[in-house]
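> missing the sequence, but the structure's below:
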């Protein structure tokens, strides 16, 4: 059963990115703000992803999915699925029997379902509204779990990781794709200008929501990345953990497994 015990939630570690929210003046909790934010930018989300990343985000997703190739999963859960990009690419690369995508944003899911229907994949990929911190599936249910650019948005990071571990079958694998900060000194200056100035400006121009793309930058800066995130995964119960840095460190793949057979 999903973890819903209030004592457990109180005992979870707090992280800097927990306090980073899209709308500083809002009284809503983080997950509600995130849902509202993505609903407001859903109609421009795919376009801005491709535009702002110059299309490189597609390669990042493909490299993340490739971490599951040897596993040959039959049933995959894509958490924070958004408009279904990773779910679609997972089917195209690995051809699992079934992919289930969950997300808290109804607006993103609506667009995702249209994409999936257009591709004729409605039988293979099912998208449904769901909370990453209370995943409504039984224990040991999925062969693999993916989450791309979503863990920064979790209100309780350890709770979300614990839930993904719970629904994985023993021997199953979690693959996380997330933004990180570059380590190269020269590249770091260009990156900071792009994230601090360019991204919010284009977000405001095309989606009329500057806060959403300012939040992107602030949440990336506050996120526990690299070895720190691996330590959180290990503490949560994942084993055989490792990471792969991409494009001079501006994106990172994290992988962990559920012990047992």
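Structure received. What you are looking at is a predicted structure, and each value in this text was computed from that prediction instead of being measured.
> Please name the residues that touch residue 36.
Shown in contact with residue 36 (CB atoms under 8 Å, 6 or more residues apart in numbering): 22, 23, 28. For every residue, glycine as well, the C-beta is placed using N, CA and C.
> which element is it on?
helix 30-53 (DSSP states H and E).
> Same question for residue 228.
Assigned by DSSP H and E, residue 228 falls in helix 227-236.
> about what we covered before: confidence-wise, which of the contacts of residue 36 comes last?
In terms of pLDDT, residue 22 ranks lowest among the contacts of residue 36, with 78.
> SS state for that one?
coil (DSSP: H, G, I helix; E, B strand; the rest coil).
> Now do the phi/psi pair for it.
Main-chain dihedrals, residue 22, degrees, to the nearest 10: phi -70, psi -40.
> I'd say it and residue 34 touch.
Yes. Shown here, residue 22 and residue 34 form a contact pair, counting by CB atoms under 8 Å, at 6.5 Å.
> and residue 145, which of the three is it?
Classified using three-state DSSP, residue 145 is strand.
> Just the buried residues of the helix holding residue 36, please?
Residues 30-31, 33-42, 44-46, 48-49, 52-53 are the ones in helix 30-53 that count as buried (16 or more other CB atoms under 10 Å).
> what angle sits between the following helix or strand past the helix holding residue 228 and helix 227-236?
Note on helix 227-236: by DSSP H and E, the next helix or strand toward the C-terminus is strand 239-246. Using axes from the mean of the first three to the mean of the last three CA atoms, to 10 degrees, the inter-axis angle of strand 239-246 relative to helix 227-236 is 160 degrees.
> Could you list the low-pLDDT ranges of the chain?
1-12, 52, 203-210, 213, 261 (pLDDT under 70).
> and the strand ranked longest in it, how far from the chain's centre?
The longest strand of the chain (DSSP state E) is strand 168-179. Averaging C-alpha positions (CA atoms, centre = their mean, to the nearest Å) puts strand 168-179 11 Å from its chain's average.
> quick revisit: what helices or strands is the helix holding residue 228 leaning on?
If you count contacts as 3 or more CB pairs under 8 Å, 6 or more residues apart in numbering; DSSP states H and E, helix 227-236 packs onto helix 157-167, strand 168-179, strand 239-246, strand 251-257.
> hang on, the earlier thing: most neighbours out of the contacts of residue 36, which is it?
Each of these was scored for neighbours by other CB atoms under 10 Å, and residue 22 scores highest at 25 neighbours.
> mind listing what residue 50 touches?
Counted by CB under 8 Å, 6+ apart, residue 50 has contacts 57, 58.
> Pull up the gap between it and residue 57, please.
Separation of residue 50 from residue 57 (CB to CB, to the nearest Å) stands at 7 Å.
> do the same with residue 105
From residue 105 to residue 57 the distance is 18 Å (CB to CB).
> again, but for residue 116
Using CB to CB, one gets 19 Å for the distance from residue 116 to residue 57.
> cool, and residue 157?
Between residue 157 and residue 57 the computed distance is 22 Å (CB to CB).
> Have a look at the two and say which one is more surrounded.
residue 157 (25 against 19).
> For that one, list the residues it contacts.
Counted by CB under 8 Å, 6+ apart, residue 157 has contacts 12, 13, 15, 17, 18, 151, 224, 232.
> Verify the stated contact: the fifth one with residue 31.
No. Counting by CB under 8 Å, residue 18 stays clear of residue 31, with 10.8 Å between them.
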